[in-house]
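1. test case, fold it:
(2 chains)
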Amino acid sequence: MDATRVAGPGAIVRARGAAVTCAGTEREGHPLLEIVRVQRNERVAEGVGLLVLGAPRIAASVQPGQFVHLRVARGADFLLRRPFSVHGAADSRIEILYQVLGRGTRAMAELAQGEELDAIGPLGHGWEIQEGVSRALLVAGGLGAAPLGLLAERLAERGVAVSVAQGAPTAERLVARERFAGVARRVEVATDDGSAGERGFVTVVSERLLAEDRPDVVYVCGPEVMARAVTAQAATAGVPCQVSLERLMACGIGACLSCVVTTRDGRKRACVDGPVFDAEEVCWDGAGVPPRH
Amino acid sequence: MEQESRPVTSGPTSGVDLSVDLAGLSLRNPVMTASGTFASGREFADFVDLSRLGAIVTKGVSVQAWAGNDSPRIAETASGMLNSIGLQNPGVEAFVAKDLAWLATQDVPVVVNVSGHSVDEYVRVVGRLEREPGVAAYEVNISCPNVDEGGMAFGTACAPAAEVTRSVRAATKRPVIVKLSPNVTDIAEIARAVEAEGADAVSLINTLLGMSIDARTRRPRLARGVGGLSGPAIKPVALRMVWQVAAAVRVPVIGVGGIMTGEDAVEFILAGATAVQVGTANFVDPTASVRVVDGIAEYCREQGVTHVSDLIGALKS
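-> Got it, this is the predicted structure:
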């Protein structure tokens, strides 16, 4: 067990270096601005929207786990862009799942078909898919499903057997459940009210799937308390784990140092060093509180 | 007409002389980047041609690495934002090795923003940088509201502001710019104090100390509780202070605070600024700095202004 744990993160670090070089070559280096067009914007659950954007350049180059930095409104009294994980990407379009939480996301819910926004992306360091992985467990809490959608698809395309543990307050808010069901070998859910799957936390489901499906890697995104619990489960099982973290962000390109995550190697930037981190490098006690958009 | 047929390299700024002289530095235009909003430029090189800027002002550099404050470090506010980053930086040695070495390959003057917990620390940073050729000037940060020791503590009273300036002045022949805090009763008094100790220019304003509270959680939105307000919300305060200071000192003034467009920059120049810095706008639009350059040129063409330096302090009463 110990040997696996030591080798796991090490392998991720090496793979990470390789992936950066590789991605850099593929998309000629660097993220730039793209004017994207709203194709669809619909409510998918209480307080949750799905935004489909025409974004040919981003759609062609985005890797699972990366994000786009959207300028949601101009002339409004709020200035900053909002970072969103890319949930899906195909045919010159990207999909964004968002929860209406504050001024930015309320304005986002008002966007109509045909409106244009400026986007920077794809940005950030996404999920690592290591060679030799044959079974993966994805653990999604609430809107944590967003960055895992594209990952599930890409894993399945590679022939990886995907298991998904998904949790949400209610059945309706198990967003992206169909997308997971379409590509995963197994999807197990938990809801706070018991309206679907087990009543309770997704961590009960993730612990069971970790034991039953014996994954080679765990990918997790959700509220920090849940993500932290899942990373502890993976560590106990000796399975390498990656976690996508959410932070308040201003520039999104590595300059402002707003979005720092405390790691064993000091403070890193969620926007360029993350948002996906090797779970073992994250120092949770210094990780801060969940943001409100 | 002749100017318009120039090669495209002169771009949208053709036909207008944007150059300014700032404390002995010849800048190709008055637009600098504000410290802490542009890192060391590398992150923005994907978006803008750095050689089109008047100068880059780096993130604050200290003797040792500083870890900065806990998260959350920012909070959005009406037409602005609060930050409490806390001058996180890797220390002067790492800065020289990584950032300054890279900046030296870029065709743009580099102003290094210097921070310290004590007078001695400011002097040691400058002392180390004196050995490096790629530094055009220093900007002495006596106005950061986000650190417990040093920072704004030096910038809110005349005596410590003068002491830091005097010590840094003695350590270098390069131009020394002192960045002033707006969190004072009389900013002109501080400006005069640093001018008297040999400051070659003053830049203002740094952020205004502010606070944001989440009524639902009943907690401050920033982990540190308070932070520095920036963005368009502070522009009227910045303009007023630049106007006051420009009237109070002989050295050039650099106007900073909420500049989003070329016209915003022109307002500061009219109030008496020789140059301007673009800050928070870089976070909203990574091309903002160059857009401000183009916007100033556009204003000048519209207004029949051939030299931007003719606008300095040209405010009508």
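2. can you give me the offset of stretch A:256-275 from its chain's centre?
-> From the chain centre to the centre of stretch A:256-275 is a distance of 16 Å (CA atoms, centre = their mean, to the nearest Å).
3. ok, now stretch B:21-29?
-> 15 Å.
4. list the contacts of that stretch.
-> Contact with stretch B:21-29 is made by B:13, B:18-20, B:30, B:52-55, B:109, B:136-137, B:175, B:177, B:200-201, B:251-252, B:254, B:274-275, B:293, B:296, B:308-309, as judged by CB atoms under 8 Å, 6 or more residues apart in numbering or on different chains. For glycine as for every other residue, the C-beta is placed from the backbone atoms N, C-alpha and C.
5. of those, which belong to strands?
-> B:20, B:137, B:177, B:201, B:254, B:275 (DSSP state E).
6. now these as TSV including neighbour count?
-> Listed next are the ones in strands among the contacts of stretch B:21-29 as TSV, based on neighbours: other CB atoms under 10 Å in any protein chain shown:
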residue	neighbour count
B:20	24
B:137	21
B:177	30
B:201	25
B:254	28
B:275	29
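7. ranges for the helices of the stretch 1-150 of chain A?
-> For the stretch 1-150 of chain A, helices defined by DSSP state H, counting those that start in this stretch occupy the ranges A:2-26, A:56-61, A:103-109, A:146-157.
8. could you tell me the least trusted of those?
-> Lowest mean pLDDT within the helices of the stretch 1-150 of chain A: helix A:2-26, a mean of 29.
9. how close does the residue located most distally from the centre of chain A sit to residue A:102?
-> Here the centre of chain A is the reference, and by CA atoms, centre = their mean the most remote residue is residue A:75, at 29.5 Å. Separation of residue A:75 from residue A:102 (CB to CB, to the nearest Å) stands at 18 Å.
10. what's around residue B:93, how many residues?
-> Using other CB atoms under 10 Å in any protein chain shown, residue B:93 is surrounded by 13 other residues.
11. got a list of what it touches?
-> residue B:128.
12. so for the residue of the stretch 101-250 of chain B found nearest chain A, what's the pLDDT?
-> Distance from chain A to each residue of the stretch 101-250 of chain B (CB to the nearest CB) is smallest for residue B:231, at 5.7 Å. At residue B:231, the pLDDT value in this model is 97.
13. residues touching the closest residue in space to it that isn't next to it in sequence, list them.
-> Excluding its sequence neighbours, the residue lying closest to residue B:231 (CB to CB, 6 or more residues apart in numbering or on different chains) is residue B:80, at 3.1 Å. Contact partners of residue B:80, counting by CB under 8 Å, 6+ apart, are A:79, B:229, B:230, B:231, B:232, B:233, B:234, B:258, B:280.
14. also residue A:252?
-> Taking CB under 8 Å, 6+ apart as the test, what residue A:252 contacts is A:67, A:69, A:81, A:83, A:120, A:123, A:271.
15. and the residue lying closest to it once chain neighbours are set aside, how far from residue B:181?
-> Spatial nearest neighbour of residue A:252, chain neighbours left out: residue A:69 (3.8 Å); criterion: CB to CB, 6+ apart. Distance, residue A:69 to residue B:181, by CB to CB: 31 Å.
16. go on, residue B:199?
-> Applying CB to CB to residue B:199 and residue B:181 gives a distance of 14 Å.
17. what's in contact with stretch B:217-233?
-> A:79, A:288-289, B:69-75, B:77-84, B:86, B:144-146, B:206-214, B:257-258, B:260, B:279-280.
18. near residue B:309, how many other residues are there?
-> Look at residue B:309: counted by other CB under 10 Å, it has 16 neighbours.
19. thinking it is in contact with residue B:16, fair?
-> No: counting by CB atoms under 8 Å, residue B:309 stays clear of residue B:16, with 10.8 Å between them.
20. who does the nearest residue to residue A:187 once chain neighbours are set aside bridge with?
-> Using CB to CB, 6+ apart and skipping residues adjacent in sequence, the residue nearest residue A:187 is residue A:164, 4.5 Å away. Counting by DSSP bridges, residue A:164 forms beta bridges with residue A:138, residue A:187.
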